[in-house]
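Asks: After the sequence you'll find the predicted model.
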Amino acid sequence: MLFDTHVHLNADQFEEDIDEVISRARVAGVEEMVVVGFDEKTINKAMELIEKYEFLYAAVGWHPVDAVDMKEEHLEWIAELSKHPKVVAIGEMGLDYHWDKSPKDVQKDVFRRQIRLAKKLQMPIIIHDRDAHHDIVDILKEENAQEIGGIMHCFGGDLAIAKECLEMNFHISFGGPVTFKNAKTPKEVAAQVPLDRLLIETDCPFLAPHPFRGKRNEPAHVQLVAEKLAEIKEVSYDELTEKTRENAKKLFSIN
């Protein structure tokens, strides 16, 4: 009984075989997935998918890489879409200092505006953090994001950052990188995250777990993430999957 909290089934990589990809996920035991939209095209596709499949939910937000493209009407549109009963979070949002399409000050402004919107809507947020751990934490604190909490998606920080995020009411989500043989820090962090604040994801089509590293990722592979986390946490696979699914449903207010 798996809940993949972060998929991009709305990506072009799945255009040819989405039904087969979803079918494989179901066979692997994936009960629910959140399709994350982060710009106009992917948000529209996410909304289409949640209408078609009863077990899919959506998150809608604006990606930091594309922060320069976000207009006020996009925020208003996101607010309107959030009224849909199957839109369960705002995001992904955050900071990305790896790519330089959007200046840091623009990224920060767009990030803050989305946090404020989510607080107004009383919805959890999904955080994208690439090479920006301390600035992310500072902004979450300054904007009192603990009021709504959310997910540190595909967490890549160290234990100190994880602890700060946990203190702010955030869940820590792990994807494929926790399965990599050289992934020392993610494994150390996963060992310390309380079971009731842990989530699993694929971020497919990206970041496929071992032994599929470098290939197209898909939701069925979340099983491998769960297996590795169960091993790290020294709990049974069933306990790990049951708890992470329960955590996701509670966070997203899914009955």
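Replies: Thanks, I have it.
Asks: now the helix or strand where residue 23 lies: how far from the chain's centre is it?
Replies: Assessed by DSSP states H and E, residue 23 sits inside helix 18-27. Mean-position distance between helix 18-27 and its chain equals 20 Å (C-alpha atoms, centre = their mean, to the nearest Å).
Asks: Could you name the helices and strands sitting against the helix or strand following it?
Replies: Counting by DSSP H and E, the next helix or strand C-terminal to helix 18-27 is strand 30-37. Judged by 3 or more C-beta pairs under 8 Å, 6 or more residues apart in numbering; DSSP states H and E, strand 30-37 is in contact with strand 2-7, helix 40-52, strand 56-60, strand 87-96, helix 237-251. Quick note: C-beta positions are derived from backbone N, CA and C, even for glycine.
Asks: Burial-wise, tell me which of these comes out on top.
Replies: strand 2-7 (a mean of 29; mean count of other C-beta atoms under 10 Å).
Asks: Take the helices and strands packed on strand 30-37 and lay them out in TSV including distance to residue 152 and mean pLDDT.
Replies: Below are those laid out as TSV (distance: least, C-beta to C-beta, whole Å; pLDDT from 0 to 100):
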stretch	distance to residue 152	mean pLDDT
strand 2-7	11	98
helix 40-52	20	98
strand 56-60	14	98
strand 87-96	9	98
helix 237-251	12	98
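Asks: so can I have TSV of those showing distance to residue 153?
Replies: Listed next are these as TSV, based on distance: least, C-beta to C-beta, whole Å:
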stretch	distance to residue 153
strand 2-7	5
helix 40-52	15
strand 56-60	9
strand 87-96	6
helix 237-251	12
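Asks: among those, which is nearest residue 207?
Replies: Checking these against residue 207 by C-beta to C-beta gives strand 2-7 as the closest, at 9.9 Å.
Asks: Contacts made by that closest one with the rest, please.
Replies: The contact list for strand 2-7 (C-beta atoms under 8 Å, 6 or more residues apart in numbering) reads 25, 28-36, 92, 126, 151, 153-154, 173, 175, 199-204, 219, 222-223, 226, 241, 244-245, 248-249.
Asks: Of those residues, select the buried ones using a PyMOL command.
Replies: Applying 16 or more other C-beta atoms under 10 Å to the contacts of strand 2-7, the buried members can be selected in PyMOL as follows:
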select buried, resi 25+28+30+32+33+34+35+36+92+126+151+153+154+173+175+199+200+201+202+203+204+219+222+223+226+241+244+245+248
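Asks: before we move on, the earlier item: tell me which of the helices and strands packed on strand 30-37 lies nearest to residue 78.
Replies: That would be strand 56-60 among these, by C-beta to C-beta, at 5.1 Å.
Asks: Tell me the strands beside the closest one, with direction?
Replies: Its sheet considered, strand 56-60 pairs with strand 30-37 (parallel), strand 87-96 (parallel) by DSSP bridges.
Asks: Centre of the chain to that strand, how far?
Replies: The answer for strand 56-60 is 10 Å, by C-alpha atoms, centre = their mean.
Asks: so it versus helix 237-251, what angle?
Replies: 50 degrees (axes from the mean of the first three to the mean of the last three C-alpha atoms, to 10 degrees).
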